[in-house]
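Chemist: Dropping the sequence and predicted coords here.
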Amino acid sequence: MQFNEALPVNKDQLRALKQLVSSGENLHLEFKRRASSPEQIVREMIAFANTSGGIVLVGVNDDGELSGVKYPEEESLVIRKALKKHCRPQLRVNETVIPLSGKKFVVQYEIPVSRQRPHVFMVSKKQSVTYIRIRDMSMKATREMSEIVRRGKSAKSVQFTYGDHESALMKHLDKKEHITLPEFQILTGLSYEAAAEKLITLVLANVLKITPTEKGDTYSRQ
């Protein structure tokens, strides 16, 4: 079935789309003009599923212009093939085709936060990457961030021992706004694995917050 033969323009649906787009790209919204790079769209979907959910709109320019796509079924096909090929575990998304006119459409994908997170993008059979959403960008997650996403699914309270290392950390954060994992290692003399586990635990216990950046994660007080 050709979408342009079956879907009339719905004024309420179109109005809601324009209102959604008016907010611009953000933590929960991503624009794509076309599915010319379906793998990138899959990365965006994974990032939303791993973070707090979101919407991908295909047929919308970066500046929010509703340019539309002529053949939404073709856009949908390549996206779903890429999603099946590259995403593990498999991710379910809600797809809606929104007519702009008789010849132009926007394809909307709603991605809820996933109970199976973290989802990963399979680069190859042996290599995978986890993505998360930060502000209006999707970024590669560090090993520590991936572990926080995985363990953060549980609603169980996290118990930890407040010892010398934690005390040194809090004294450091009294003087400086944040700390990195390598800085925490130097501060405490802990191994990479031990230092990472302490920081992960403190984030899960809501003592610290983690902020991913292009240069690496930083940790600060909640």
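Modeler: That came through, no problem.
Chemist: From now on I want contacts and neighbour counts done on CA atoms only, so please keep to that.
Modeler: OK.
Chemist: the strands in the protein, which residues?
Modeler: Here the chain has its strands, by DSSP state E, at 29-32, 54-58, 87-88, 94-99, 105-111, 120-122, 128-134, 137-140, 208-211, 218-221.
Chemist: Which strands and helices lie in contact with the lengthiest helix in the chain?
Modeler: For the chain, the helix with the greatest residue count under DSSP state H is helix 72-86. Secondary-structure packing of helix 72-86 (3 or more Cα pairs under 8 Å, 6 or more residues apart in numbering; DSSP states H and E): helix 38-50, strand 105-111, strand 120-122.
Chemist: If I look at Ser157, what pLDDT would I see?
Modeler: If you check Ser157, the pLDDT there is 80.
Chemist: wait, it sits on Ala205?
Modeler: Yes. Counting by Cα atoms under 8 Å, Ser157 does reach Ala205; the two are 6.9 Å apart.
Chemist: out of those two, which sits in the busier spot?
Modeler: Each of Ser157 and Ala205 has its neighbours counted (other Cα atoms under 10 Å); Ala205 has more, 16 against 9.
Chemist: Next, the contact list for that one, please.
Modeler: Counting by Cα atoms under 8 Å, 6 or more residues apart in numbering, Ala205 touches Ser157, Val158, Gln159, Phe160.
Chemist: want to throw those into JSON lines with distance to Phe105?
Modeler: Output for those, formatted as JSON lines (distance: Cα to Cα, whole Å):
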{"residue": "Ser157", "distance to Phe105": "46"}
{"residue": "Val158", "distance to Phe105": "47"}
{"residue": "Gln159", "distance to Phe105": "51"}
{"residue": "Phe160", "distance to Phe105": "52"}
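Chemist: got a winner among these for most neighbours?
Modeler: Val158 (13 neighbours).
Chemist: For the spatially closest residue to that residue that is not a sequence neighbour, give me phi and psi.
Modeler: Sequence neighbours aside, Ala205 is the residue nearest to Val158 in space, at 5.1 Å (criterion: Cα to Cα, 6 or more residues apart in numbering). With angles defined as degrees, to the nearest 10, Ala205 sits at phi -90, psi 0.
Chemist: Could you tell me how far Ala205 is located from Leu169?
Modeler: Distance, Ala205 to Leu169, using Cα to Cα, to the nearest Å: 15 Å.
Chemist: circling back: tell me which of the helices and strands packed on helix 72-86 lies nearest to Ser76.
Modeler: The closest of these to Ser76 is strand 105-111. By Cα to Cα, the value is 7.6 Å.
Chemist: list the helices and strands that closest one packs on?
Modeler: In terms of contacts (3+ Cα pairs under 8 Å, 6+ apart), strand 105-111 is packed against helix 38-50, strand 54-58, helix 72-86, strand 94-99.
Chemist: would you turn the ones you listed into JSON lines with mean pLDDT and mean neighbour count?
Modeler: Listed next are those as JSON lines, based on pLDDT from 0 to 100; neighbours: other Cα atoms under 10 Å:
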{"stretch": "helix 38-50", "mean pLDDT": "98", "mean neighbour count": "26"}
{"stretch": "strand 54-58", "mean pLDDT": "98", "mean neighbour count": "24"}
{"stretch": "helix 72-86", "mean pLDDT": "97", "mean neighbour count": "17"}
{"stretch": "strand 94-99", "mean pLDDT": "97", "mean neighbour count": "17"}
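Chemist: Show residues contacting stretch 39-56.
Modeler: For stretch 39-56, using Cα under 8 Å, 6+ apart, the contacting residues are 27-32, 35, 79, 82-83, 86-87, 91, 108-114, 117-121, 130-133, 138-139, 149.
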